[in-house]
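Engineer: need a structure here:
(chains A, B, C and D)
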2 protein chains.
Amino acid sequence: MNIGALARETGISAKTIRYYESIGLTPEPDRQPNGYRDYGDNDVATLKFVQRARGLGFSLEEVRALLTLWRDQGRASADVKKLALDHIQEIEGRIGELMAMKRTLEHLTERCHGDDRPDCPILEDLAKSI
Amino acid sequence: MNIGALARETGISAKTIRYYESIGLTPEPDRQPNGYRDYGDNDVATLKFVQRARGLGFSLEEVRALLTLWRDQGRASADVKKLALDHIQEIEGRIGELMAMKRTLEHLTERCHGDDRPDCPILEDLAKSI
DNA sequence: CTTGACCTTCCAGGGACTGGAAAGCTTATA
DNA sequence: TATAAGCTTTCCAGTCCCTGGAAGGTCAAG
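Structural biologist: Just a heads-up that it's a prediction; the model follows:
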């Protein structure tokens, strides 16, 4: 399987696949006699695993840790759970920040006429020296 | 006012202040005879404006646009409001993504024992080939 | 034999900083 | 007066996660 076929199979670009290999996230594949990378079903599975973990917002370093746990038959599920719970915490933090931003912006936009006059509570608020 | 004093005054690091100048976000300040940057109250106000806009999640390019509108006495408040409303939309989108991740992770972690046994629905889900 | 679609490597950029090196300036202290 | 501490200057590199592009090698079809 060439890298293009793997890319089509997984929906991850060939560029990204090579990038993951370059940082040691995914193993170096075999090479065909012409030097082309040669992938198999294992590689499809690994890449899809990475893709799903990324989709849940894990960083590449966290994905690396998850991959290691996945491959370790003797892992403790507690280790996986800890990673996931920590990640949930982080996500909650980010949601909280975004909600606060949203609330402030909503208050400001409600008070802004939004016409062709220059006075604008949004700019005033950004400029105010509290 | 040296850059260090400005940094203390605004809570923005000297590094970041120089960076903002380097990308043309903030104007080049005067220089003292010894070559040190020389800032005044205007610069404090501009930097605090930038800081607040960043705190609301605006990108540096959006901050640049907001600064331009702020300085333009003949601006239309509609232009500011549009920027803010677009930004709210973006924030809502990001919140939605994060909530979806969080929900999935919560379902998975609930089903994971989190002990020293290896079986783990989190890894199983990441690995499943759906 | 050429065309087009692959593949290879390497280098660079983006967004928003942050760290560090090497050098110059200023102020306080020994 | 020497020196050390604490500023400042510039520039280069790294972070994170790719993505784009250049320059070249390979392969199948027409």
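Engineer: in what helix or strand does residue A:94 lie?
Structural biologist: Assigned by DSSP states H and E, residue A:94 belongs to helix A:77-111.
Engineer: what about the nearest residue to residue A:73 once chain neighbours are set aside, distance to residue A:49?
Structural biologist: Excluding its sequence neighbours, the residue lying closest to residue A:73 (CB to CB, 6 or more residues apart in numbering or on different chains) is residue B:118, at 6.2 Å. Glycine gets a C-beta too; all of them are placed from N, C-alpha and C. Counting by CB to CB, to the nearest Å, the separation of residue B:118 from residue A:49 is 16 Å.
Engineer: which one's more surrounded, these two?
Structural biologist: Neighbour tally, residue B:118 and residue A:49, criterion other CB atoms under 10 Å in any protein chain shown: the higher count belongs to residue A:49, 21 against 15.
Engineer: now the more buried one: how far from residue A:37?
Structural biologist: 18 Å.
Engineer: what's next to stretch A:49-58, contact-wise?
Structural biologist: The contact list for stretch A:49-58, computed with CB atoms under 8 Å, 6 or more residues apart in numbering or on different chains, reads A:10-12, A:20, A:25-26, A:60, A:62-63, A:66-67, A:70, A:83, A:87, A:91, B:98, B:101, B:104-105, B:125-127.
Engineer: mind redoing it with 7 Å?
Structural biologist: Residues outside stretch A:49-58 that contact it (CB atoms under 7 Å, 6 or more residues apart in numbering or on different chains) are A:10, A:12, A:20, A:25, A:63, A:66-67, A:70, A:87, A:91, B:101, B:104-105, B:126-127.
Engineer: tell me the pLDDT of the nearest residue to residue A:2 once chain neighbours are set aside.
Structural biologist: Closest residue to residue A:2 apart from its sequence neighbours, by CB to CB, 6+ apart: residue A:36 at 5.7 Å. We have a pLDDT of 96 for residue A:36.
Engineer: neighbours of the closest residue to residue A:119 other than its chain neighbours, how many?
Structural biologist: Excluding the flanking residues, the one nearest residue A:119 by CB to CB, 6+ apart is residue B:77, at 6.3 Å. By the criterion of other CB under 10 Å, residue B:77 has 20 neighbours.
Engineer: how far away is residue B:77 from residue B:95?
Structural biologist: Taking CB to CB, one finds residue B:77 at 26 Å from residue B:95.
Engineer: then stretch A:29-43 to CSV, C-alphas only?
Structural biologist: Output of stretch A:29-43 as CSV, limited to C-alpha atoms (Å, rounded to 0.1, in the frame of the first residue of the first chain):
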residue,chain,number,x,y,z
PRO,A,29,7.1,1.7,7.5
ASP,A,30,8.8,-0.9,5.3
ARG,A,31,10.0,0.4,1.9
GLN,A,32,9.2,-1.1,-1.5
PRO,A,33,12.2,-1.7,-3.8
ASN,A,34,11.7,1.7,-5.4
GLY,A,35,12.0,3.4,-2.1
TYR,A,36,8.2,4.1,-1.7
ARG,A,37,6.8,3.6,1.8
ASP,A,38,4.9,0.3,2.1
TYR,A,39,1.9,0.2,4.5
GLY,A,40,-0.4,-2.6,5.7
ASP,A,41,-3.6,-3.0,7.7
ASN,A,42,-1.7,-2.3,11.0
ASP,A,43,-0.8,1.1,9.8
